[in-house]
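Engineer: Sequence unavailable; structure follows:
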């Protein structure tokens, strides 16, 4: 018979949703290691029936196993979840001994702040909802999921300065941050043009305002834009990227610190734990706004997203991509030869516009691929004929 999981359920329910899911998955992983199944009540019952030494050996063996297939930070996280379980049910283990065999934590990623210049270049390459979401991350310092969870009712665009109520992901506590005037004006038009209601997501997916934009899709769109701009590079570790969405949060912190925003106010705006200081003093919304004002001019992009230039930028990038494709598949013929041949035999003038060059490149690539396929078919037919004759 399994153990009562009321304590565990209450503990998990008290955690933020993301932490709850990760703890539960970690405990199930430990459960599969110890019992061979996913029944946590059976795991607790088995642990309670063990001697302290047997429990300790089970934990040590589990750590040895997960070290083989997980990064150091993941090993530490899983063990935190396991330790919470043991403490909830008063199961003794020498945690100092366990700690001695834990892998040393190491930094895998080395994010760089994503600056205003980078954002100005990236935003025109994104679809509207993703563009607004990324712009918001730049001016708010919010975590990705905090931003994507926002609905229209969370924004107060009539206040001065305009503001938004964010639910802090790690603690579940609400906080307020402020919006620079260029973003607030763009957001007001965005809400009106899309006829968004109070309960609609501000940053919504292709399915419509009732569906939240995916964090993974936003990250991929950001990476694709950086790739198109030639800015997607690995960090020093070789395992992460030098520019990531989290770098927007780093940039926000760096910017506000640089203009002299008080550290307690900065912690409140970003949703950081202010520790014991909060027990004695918590800045009012007016005080936070006053501190935030120091940074407002630095958060302005100085210009809105120029929709008229968006098509031009996309065409230029498409032309460059097609030129790269041509050089890769046909390195013996320069791209300039294609343009010269088109001027001599088709256009009657040298192609200067991206539209003309895209048409020339697309036609040449399609023709080359079709010819290559035909040659491949001829070669296959010859091989089949030779094999037939050999068998005969």
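Structural biologist: Nice, thanks for sending it over. Nothing here was measured: the structure is a model prediction, and the numbers come from that model.

Engineer: what bits of this protein have low per-residue confidence?
Structural biologist: 1-2, 105-111, 237-239, 274-281, 302-314, 317, 379, 382, 390-392 (pLDDT under 70).

Engineer: how about a cut-off of 80?
Structural biologist: The model of the chain has pLDDT under 80 over residues 1-3, 71, 103-113, 170, 235-240, 273-282, 302-318, 372-373, 375-392.

Engineer: what's the longest helix in the protein?
Structural biologist: Ranked by residue count under DSSP state H, the longest helix found in the chain is helix 354-391.

Engineer: could you say what helices and strands that helix packs with?
Structural biologist: Packed against helix 354-391 by the contact rule (3 or more CB pairs under 8 Å, 6 or more residues apart in numbering; DSSP states H and E) you find helix 307-329, helix 335-342. In short, each C-beta sits where N, CA and C put it, glycine included.

Engineer: mind listing the strands for the stretch 151-300 of the chain?
Structural biologist: 155-156, 163-167, 174-178, 204-205, 208-212 (DSSP state E, counting those that start in this stretch).

Engineer: which residues are contacting the first one?
Structural biologist: If I follow you right, that is strand 155-156. Contact partners of strand 155-156, identified using CB atoms under 8 Å, 6 or more residues apart in numbering, comprise 162, 163, 164, 165, 179, 187, 202.

Engineer: CSV please, covering the strands of the stretch 151-300 of the chain and showing mean neighbour count.
Structural biologist: Below are the strands of the stretch 151-300 of the chain laid out as CSV (neighbours: other CB atoms under 10 Å):
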stretch, mean neighbour count
strand 155-156, 18
strand 163-167, 19
strand 174-178, 19
strand 204-205, 18
strand 208-212, 14
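
Engineer: So for residue 20, which of these sits nearest?
Structural biologist: strand 163-167 (14.8 Å; CB to CB).

Engineer: partners of that closest one in the sheet?
Structural biologist: strand 155-156 (antiparallel), strand 174-178 (antiparallel) (DSSP bridges).

Engineer: So which residues make contact with the longest one?
Structural biologist: For strand 174-178, the surrounding residues in contact (CB under 8 Å, 6+ apart) are 140-142, 161-168, 268-269, 271, 285, 288-289, 292, 296.

Engineer: same thing with stretch 337-348?
Structural biologist: 326, 349, 350, 351, 356, 357, 360, 361, 364.

Engineer: Show me just the buried residues among those residues.
Structural biologist: Buried subset of these (neighbour count, 16 or more other CB atoms under 10 Å): 326, 351, 356, 357, 360, 361, 364.

Engineer: Pick the one among these closest to residue 52.
Structural biologist: Residue 52 has its nearest neighbour among the buried ones among the contacts of stretch 337-348 in residue 326, at 69.8 Å by CB to CB.

Engineer: can you pull the contacts of the closest one?
Structural biologist: Applying CB under 8 Å, 6+ apart, we find residue 326 in contact with 333, 335, 338, 361, 364, 365.

Engineer: what does residue 63 give?
Structural biologist: Counting by CB under 8 Å, 6+ apart, residue 63 makes contact with 75, 79, 98, 101, 102.

Engineer: Can you give me the neighbour number for the first one?
Structural biologist: Read it as residue 75. For residue 75, the neighbour count with other CB atoms under 10 Å is 20.

Engineer: Wasn't it part of a helix?
Structural biologist: Yes - the assignment for residue 75 by DSSP: H, G, I helix; E, B strand; the rest coil puts it in a helix.

Engineer: circling back: so can I have CSV of the strands paired with strand 163-167 showing distance to residue 70?
Structural biologist: Output for the strands paired with strand 163-167, formatted as CSV (distance: least, CB to CB, whole Å):
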stretch, distance to residue 70
strand 155-156, 40
strand 174-178, 33
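
Engineer: Which among those is found nearest to residue 83?
Structural biologist: With CB to CB as the criterion, residue 83 lies closest to strand 174-178 of the strands paired with strand 163-167, at 29.5 Å.

Engineer: from the middle of its chain, how far away would the closest one be?
Structural biologist: On the basis of CA atoms, centre = their mean, to the nearest Å, strand 174-178 sits 21 Å off its chain's mean C-alpha point.

Engineer: Then stretch 151-168?
Structural biologist: Its chain's C-alpha centre and that of stretch 151-168 lie 23 Å apart, by CA atoms, centre = their mean.

Engineer: again, but for stretch 378-390
Structural biologist: Distance of stretch 378-390 from the chain centroid (CA atoms, centre = their mean) equals 52 Å.

Engineer: what does stretch 364-377 give?
Structural biologist: Between the centre of stretch 364-377 and the centre of its chain there are 39 Å (CA atoms, centre = their mean).

Engineer: need the contact list for residue 119.
Structural biologist: Counting by CB under 8 Å, 6+ apart, residue 119 makes contact with 134, 135, 138, 248, 301.

Engineer: can you rerun that using 10 Å?
Structural biologist: Applying CB atoms under 10 Å, 6 or more residues apart in numbering, we find residue 119 in contact with 134, 135, 137, 138, 139, 248, 251, 301.

Engineer: Neighbour count, distance to residue 150 and secondary structure added to those residues, as JSON lines?
Structural biologist: Converted to JSON lines, these look like this (neighbours: other CB atoms under 10 Å; distance: CB to CB, whole Å; DSSP: H, G, I helix; E, B strand; the rest coil):
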{"residue": "134", "neighbour count": "23", "distance to residue 150": "14", "secondary structure": "helix"}
{"residue": "135", "neighbour count": "23", "distance to residue 150": "13", "secondary structure": "helix"}
{"residue": "137", "neighbour count": "27", "distance to residue 150": "11", "secondary structure": "helix"}
{"residue": "138", "neighbour count": "28", "distance to residue 150": "15", "secondary structure": "helix"}
{"residue": "139", "neighbour count": "25", "distance to residue 150": "13", "secondary structure": "helix"}
{"residue": "248", "neighbour count": "29", "distance to residue 150": "15", "secondary structure": "helix"}
{"residue": "251", "neighbour count": "21", "distance to residue 150": "20", "secondary structure": "helix"}
{"residue": "301", "neighbour count": "17", "distance to residue 150": "20", "secondary structure": "coil"}
